[in-house]
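Asks: 3D model of this:
(chains A, B, C and D)
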There are 2 protein chains.
Amino acid sequence: MLLDPRHLHILSAIVDAGGLSEGAMALGKSQPSLSRIVANLEARLGEPLFEKGRRPLRPTELCERLAAEGRTIARATHAAQSIADRFTSGQAGSVRVAGTPIFMDGVISNVIAGFQSAHPEVRVDQSYGYAKDLLDGITAGTIDIGICPMEEADVPSEFEFQPILKGRNVIACGAGHPLVRKRSLRLEDISEYPWITQPVGSPLFQDLRDVLNSIGVTDFKVSYSGGSLSSILNVLMGSNAMTVLPYSVVFMQPSKSIHALPIRIQHPRRQLGLLSKKDGTTQPAARRFVRHLTTQFRSLSQAITERQRQAVWKS
Amino acid sequence: MLLDPRHLHILSAIVDAGGLSEGAMALGKSQPSLSRIVANLEARLGEPLFEKGRRPLRPTELCERLAAEGRTIARATHAAQSIADRFTSGQAGSVRVAGTPIFMDGVISNVIAGFQSAHPEVRVDQSYGYAKDLLDGITAGTIDIGICPMEEADVPSEFEFQPILKGRNVIACGAGHPLVRKRSLRLEDISEYPWITQPVGSPLFQDLRDVLNSIGVTDFKVSYSGGSLSSILNVLMGSNAMTVLPYSVVFMQPSKSIHALPIRIQHPRRQLGLLSKKDGTTQPAARRFVRHLTTQFRSLSQAITERQRQAVWKS
DNA sequence: CAATTAATATAGCATAATGTTATGTTACTG
DNA sequence: CAGTAACATAACATTATGCTATATTAATTG
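Replies: From the prediction side, this is the model:
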């Protein structure tokens, strides 16, 4: 039978502490316990581990060598303990998070940045998808958290949906767009410019169509589609095209290169929220990530409503 | 309480083997045993280690990390096992061997060389001393094996003395010594040459004195004393001095630069032998060393008697 | 060198952990 | 959908470990 790693650990503790009693103290055990374990080991090895009849307990050469392995074992055990501790407290581990492209790129990635500097040992695996993909991914166990705009009514019962931001869309254009300088803006003004759209299946595409429908425009010009956020921003800035974006995305843009037109459009009924399994089997790291997101979004949405009120006063 | 290193080892085995049953097979345990250990671990950690309800058992990230530590533990445990095995079989460890300078340098060191190439993991710590020192050293536990010429009657009862070579001394001189070329050699011829001696307390000094006494020479010229073997050999070769050496030492000299004069002198009553504690508490490596010495010396002494017989025929 | 002190060894007992076999459940397979 | 292979659970025997109390023994000290 193989040696017991615990015994090697104990051996190293005795050697390092310089005696049975000290070793027992260090390990939080009783001295007779260690004494017997050493005796059994010696019996099984057929070799003495400590020189007999000497009081400042002197380890045999064999004992020294075994103790060296014991130290390795002790190190590994402590490392494992620390891994487990950090893991269960959510300070280490990984979150697999997926969400709609525009939100992920425009808002969530900023929040993730903050999360990562607070929890450097947590790995964030990000991917993209719409509601359907997220539900499937969560069911299949390939993602932990989904982030997308949804109506609570559409959330299947086995999922939890936690809203983090009210749906607020705006019509956005580049800072140099002709409409930016116009004094009074009417909905009809926007109909002559081309549009940038998301893929047809995306919520934002529906929002865009709904907005234009609501003002009677059914046949709109699409100049660009399919790009991810950074592409869209570049096209917005470099052309007269317009698009519909969540206000939060425009809000989060660090530069002033994107402009939200002060036109009131209908709010989508969807709310941005976090999708997860209801049974709470998520990893601690994922739970911590959710906590971070919710608190960050609380302040973000306050900042947004504040800005919007000011904008209203100005317009 | 700290994690149990055995559990981490088991975890790594399960992960590496790809399942509970395979892991159990690899560890030589039953599957339910591992199943329960995993369940207990999960309960204590409060985190799943394998994804629930999936058949090709898939380890959690936490599990993977813990298993990595488990692998370290497994490695260390196996290393310890192998250390213990080699140690108890005498293939590793150390021997502390001490002996009279001339024998150690002239004979034993050659045998040690052979021992070391056969057992490279055994460290040989050599030191020098006469019978008294060796007995003291063995008693104090600072040496394992003593090698010196002794009479069995002089060995204290708590020691074991195992003879390995009969005492045979010769008068030795350099190959260019005038006496080498002389046809018929009489004991009186030697009295005119100076002598190289060992320290006064050494067995070989007594032997030298006894030899000269036996031929009536009480007042002999000492030209050089106190050197170790290589110095003595150099002085022998470069001068007309002579000395008394064990025949085995002359025999072992690789070059023909040393000559044993074909003069029969009395044999010392002492025999070269191995001193050790009687209680057999010696390390396995020391036992193996003793075994090696005895077998080597068996063939050495055969070779010596063979050569001596030939020498007798020739002279 | 006797007496003291401090450390280790042993004894005896209670308990927790492990190991086993038998058997129930469940996820994948054809 | 039935069969199979793998994991989970149950029940019980055994071993290992833990503890306290106490005996030994090696070093120390007067």
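
Asks: Look at residue A:158 and say how many residues are nearby.
Replies: Close neighbours of residue A:158, defined as other CB atoms under 10 Å in any protein chain shown, add up to 11. Every residue, glycine included, has its C-beta placed from N, CA and C.

Asks: now the one 5 residues further on
Replies: When neighbours are defined as other CB under 10 Å, residue A:163 has 17 of them.

Asks: List the neighbouring strands of the host helix or strand of residue A:96 plus their orientation.
Replies: Taking DSSP states H and E as the definition, residue A:96 sits inside strand A:93-99. In the sheet, strand A:93-99 lines up against strand A:122-128 (parallel), strand A:145-150 (parallel) (DSSP bridges).

Asks: backbone phi and psi for the closest residue to residue A:30 other than its chain neighbours, please?
Replies: If the residues on either side of it in the chain are set aside, residue A:30 comes closest to residue A:24, at 5.8 Å by CB to CB, 6 or more residues apart in numbering or on different chains. Main-chain dihedrals, residue A:24, degrees, to the nearest 10: phi -60, psi -40.

Asks: What does the pLDDT read for residue A:24?
Replies: pLDDT for residue A:24: 95.

Asks: so which of the strands paired with strand A:93-99 is the most packed in?
Replies: strand A:145-150 (a mean of 26; mean count of other CB atoms under 10 Å in any protein chain shown).

Asks: The strand or helix carrying residue A:9 near chain B anywhere?
Replies: Using DSSP H and E, residue A:9 sits in helix A:5-17. Yes. Applying CB under 8 Å from any CB of the partner chain, one finds helix A:5-17 in contact with chain B at A:5, A:6, A:8, A:9.

Asks: distance of the third one from DNA strand C?
Replies: When you say that, I think you mean residue A:8. Look at residue A:8 and DNA strand C: by CB to the nearest atom of the strand, to the nearest Å, they are 16 Å apart.

Asks: Please identify the buried residues of the host helix or strand of residue A:231?
Replies: Using DSSP H and E, the element containing residue A:231 is helix A:229-238. Buried positions in helix A:229-238, judged by neighbour count with 16 or more other CB atoms under 10 Å in any protein chain shown: A:229, A:232, A:233, A:235, A:236, A:237.

Asks: Likewise for stretch A:56-65?
Replies: A:57, A:59, A:60, A:61, A:62, A:63, A:65.

Asks: and what of stretch A:275-284?
Replies: A:275, A:276, A:277, A:282, A:283, A:284.

Asks: Looking at the residues you listed, which are in strands?
Replies: The strands, defined by DSSP state E, take in A:275, A:276, A:277 from the buried residues of stretch A:275-284.

Asks: Now for the second one: which residues touch it?
Replies: Neighbouring residues of residue A:276 by CB atoms under 8 Å, 6 or more residues apart in numbering or on different chains: A:138, A:144, A:145, A:146, A:159, A:160, A:162, A:282, A:286, A:290.

Asks: quick one: it and residue B:98, what's the gap?
Replies: 75 Å (CB to CB, to the nearest Å).

Asks: sorry, back to before: would you single out the least confident of the strands paired with strand A:93-99?
Replies: Taking the mean pLDDT of those, strand A:122-128 comes last: a mean of 91.

Asks: Give me the angle between the longest helix along chain A and strand A:93-99.
Replies: Identified as the longest helix of chain A according to DSSP state H is helix A:284-314. In terms of direction (axes from the mean of the first three to the mean of the last three CA atoms, to 10 degrees), helix A:284-314 departs from strand A:93-99 by 40 degrees.

Asks: buried stuff in helix A:284-314?
Replies: A:284-290, A:292-293, A:296-297, A:300-301, A:304.

Asks: okay if I get those as a markdown table plus pLDDT?
Replies: Formatted as a markdown table, the buried residues of helix A:284-314 follow (pLDDT from 0 to 100):
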| residue | pLDDT |
| --- | --- |
| A:284 | 88 |
| A:285 | 91 |
| A:286 | 91 |
| A:287 | 91 |
| A:288 | 93 |
| A:289 | 94 |
| A:290 | 95 |
| A:292 | 96 |
| A:293 | 96 |
| A:296 | 96 |
| A:297 | 96 |
| A:300 | 93 |
| A:301 | 91 |
| A:304 | 89 |
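
Asks: which of those sit farthest apart?
Replies: A:284 and A:304 (29.9 Å; CB to CB).

Asks: For the stretch 51-200 of chain A, what lies in contact range of DNA strand C?
Replies: Residues of the stretch 51-200 of chain A that fall close to DNA strand C, judged by CB under 7 Å from any atom of the strand: A:55, A:57.

Asks: from what I can see residue A:99 touches residue A:146, true?
Replies: Yes. Because the distance of 6.3 Å satisfies CB atoms under 8 Å, residue A:99 is recorded as touching residue A:146.

Asks: Identify the contacts common to these two.
Replies: A:129, A:134.

Asks: Look up the closest residue to residue A:240, ignoring the ones flanking it.
Replies: residue A:193 (5.4 Å).

Asks: mind listing the strands in chain A by residue range?
Replies: A:93-99, A:122-128, A:145-150, A:159-165, A:169-174, A:195-197, A:222-225, A:242-246, A:258-260, A:271-277.

Asks: got a markdown table for these, with distance to residue A:69 too?
Replies: Output for the strands of chain A, formatted as a markdown table (distance: least, CB to CB, whole Å):
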| stretch | distance to residue A:69 |
| --- | --- |
| strand A:93-99 | 30 |
| strand A:122-128 | 32 |
| strand A:145-150 | 42 |
| strand A:159-165 | 48 |
| strand A:169-174 | 64 |
| strand A:195-197 | 65 |
| strand A:222-225 | 63 |
| strand A:242-246 | 59 |
| strand A:258-260 | 62 |
| strand A:271-277 | 43 |
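
Asks: Tell me which of these sits nearest to residue A:51.
Replies: Closest among the strands of chain A, once you apply CB to CB, is strand A:93-99, at 47.7 Å.

Asks: Excluding its own residues, what touches that closest one? List them.
Replies: A:86-87, A:104, A:108, A:112, A:121-129, A:133-134, A:137, A:142-148, A:283-286, A:289, B:61-62.
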